[in-house]
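*Asks:* My questions concern the predicted model and sequence given below.
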Amino acid sequence: MNILICTSMDLNFPCAALNRINHYKESLSKYGINIFLSGSNDLDLEGKRYEIKGNKVFFRKFKRNFFLREAFGSNWHAGKFYKQNLSSIIKELDINGIIIYSMYSTLLEPITMIAKKEGIFVVNDGGEKYSVNLQNILNGINYMQYRAIFYSFKKLDGLILCSPRWQKYAASIRKKSILVPSFISPNKNTNLNTNHNLNKKFRIVFMGSFLPREMPKRILKAFLICKSQGYDFELIVIGRQGNNLSQKLYLGGLKKKLIKNKDLIFTGFVSNEEKDKLLKSADCLVILRPPCKETFHLFPTRLPEYLNTGKAVIISNVEPFSLFFNHKKEVFFISKKNKSRELANAFIELYSKRNLSKYIGSSGRKYANKFFSYKYLGEKVSSFLYQLDDLKAKFR
């Protein structure tokens with residue numbers, strides 16, 4: 001069976017979404033499912049409407065202009081492309097079904113229309129439910145998403161979901177669905193040494209961006225509390241920081257207080273190999289989230305990656321995490337208030353109680369290898385897709 005995943009994304013720009021799509025490709029191949037991926041690129045197509053290279057279909061990337069915001073413009077541009085060319089791609093690649101990787105009506109509706117016309121099934125995979133705020137209103141995100149929720153999703157054959165909150169939504173519109181929080185790659189970190197070196201600094205690792213939902217101020221303040229009490233801790237921050245104006249202003253305000261701290265290390269963008277090394281070198285890892293709709297509907301792709309290191313993970317006790325894990329078993333929970341003092345105490349407890357830290361890391365890794373594995377999720381997704389294909393076949 002051939003499945004086409006349709007996106008508006010730049011296929012040459014590394015991101016969590018592309019990692020998830022690649023996990024589909026790898027995990028489903030053993031079940032006779034071939035994954036093709038369609039998205040944008042800066043390639044010179046030499047007058048062609050699209051180009052197929054291996055398992056990828058490229059179309060021209062949206063160019064920013066004064067009249068269209070990038071979020072709305074890129075999805076409108078991609079939707080227009082699919083409306084004009086998807087039928088040809090389906091025939092050329094002998095596609096049996098489509099997964100739309102988008103939460104926006106501007107992409108969902110034209111793709112769904114063409115899939116129905118061609119007699120193949122169409123499902124959606126996505127997760128984020130964006131907050132209603134001025135920025136999201138102005139760039140069209142709220143309009144595109146809420147139109148999808150109240151109209152576009154109802155036209156689909158099914159939904160692949162990353163959180164129980166979305167499952168409730170799928171049930172409310174009577175759509176077939178499966179829960180696929182996130183994947184871990186097989187055979188990674190198979191020879192982990194989870195013993196702590198008591199002679200080195202206790203290393204805390206945070207991977208992400210300085211966005212409000214990541215609550216970086218709480219993490220930095222907790223780190224400073226520990227340092228002020230004489231603990232020999234270091235904090236590694238992995239990822240690009242200062243990508244936009246708000247992050248630059250935020251970092252600017254921290255420089256005098258933090259940047260000169262030799263135990264606070266900003267790596268910037270690193271390769272996957274370097275990222276894996278840094279994650280495995282941690283004594284504990286941290287993810288914080290506020291209790292809000294955006295948090296409830298999204299499962300961070302990095303969390304299974306954290307768990308698979310075999311190191312203790314500190315995380316906020318909010319949905320969806322509270323529905324998957326147990327305190328001081330698979331993870332170390334702090335309350336949904338995300339107080340810096342409580343986080344600092346969590347760092348100190350894991351530092352002081354090495355057996356507890358080791359137990360949490362080991363239990364978390366076992367959980368991830370069972371429920372986020374290619375075998376477990378690959379079987380689940382492939383069965384779902386074959387069922388949808390069989391249902392469509394009855395009406396062809």
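*Replies:* Sure, I can see it.
*Asks:* and E92, which of the three is it?
*Replies:* helix (DSSP: H, G, I helix; E, B strand; the rest coil).
*Asks:* what does the model give it for pLDDT?
*Replies:* On pLDDT, E92 comes in at 96.
*Asks:* quick one: contacts for it?
*Replies:* I52 (C-beta atoms under 8 Å, 6 or more residues apart in numbering). C-beta coordinates here come from the backbone N, C-alpha and C atoms, glycine included.
*Asks:* Next one: it from L138, what distance?
*Replies:* 38 Å (C-beta to C-beta, to the nearest Å).
*Asks:* quick one: buried residues of stretch 48-61?
*Replies:* For stretch 48-61, the neighbour count (16 or more other C-beta atoms under 10 Å) marks Y50, V57, F58, F59, R60, K61 as buried.
*Asks:* Determine which two of these are furthest apart.
*Replies:* Maximum pairwise distance among the buried residues of stretch 48-61 (C-beta to C-beta): 13.3 Å, between V57 and K61.
*Asks:* which residues of the chain fall in strands?
*Replies:* 2-10, 34-41, 51-53, 56-60, 97-101, 121-125, 158-161, 176-179, 202-207, 233-238, 264-268, 284-287, 312-316, 332-334 (DSSP state E).
*Asks:* which of the ones you listed has the lowest average pLDDT?
*Replies:* Among the strands of the chain, strand 264-268 scores lowest, with a mean of 86.
*Asks:* Pull the distance from that one to the chain's centre.
*Replies:* 22 Å (C-alpha atoms, centre = their mean, to the nearest Å).
*Asks:* With stretch 41-61 instead?
*Replies:* The mean C-alpha position of stretch 41-61 is separated from the chain mean by 25 Å, C-alpha atoms, centre = their mean.
*Asks:* now swap in stretch 86-105 and tell me
*Replies:* 22 Å.
*Asks:* so how far does that stretch reach from one end to the other?
*Replies:* 17 Å (C-alpha to C-alpha, to the nearest Å).
*Asks:* any idea how far the nearest residue to Y50 once chain neighbours are set aside is from T7?
*Replies:* Among residues not flanking Y50 along the chain, F59 sits closest, at 4.7 Å (C-beta to C-beta, 6 or more residues apart in numbering). When distance is defined by C-beta to C-beta, F59 is 11 Å away from T7.
*Asks:* Can you check which residues contact both of those two?
*Replies:* With C-beta under 8 Å, 6+ apart, F59 and T7 have common neighbours S38, G39, A78.
*Asks:* how about those in JSON lines, adding neighbour count and distance to S163?
*Replies:* As requested, those are arranged in JSON lines below (neighbours: other C-beta atoms under 10 Å; distance: C-beta to C-beta, whole Å):
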{"residue": "S38", "neighbour count": "29", "distance to S163": "26"}
{"residue": "G39", "neighbour count": "23", "distance to S163": "24"}
{"residue": "A78", "neighbour count": "27", "distance to S163": "25"}
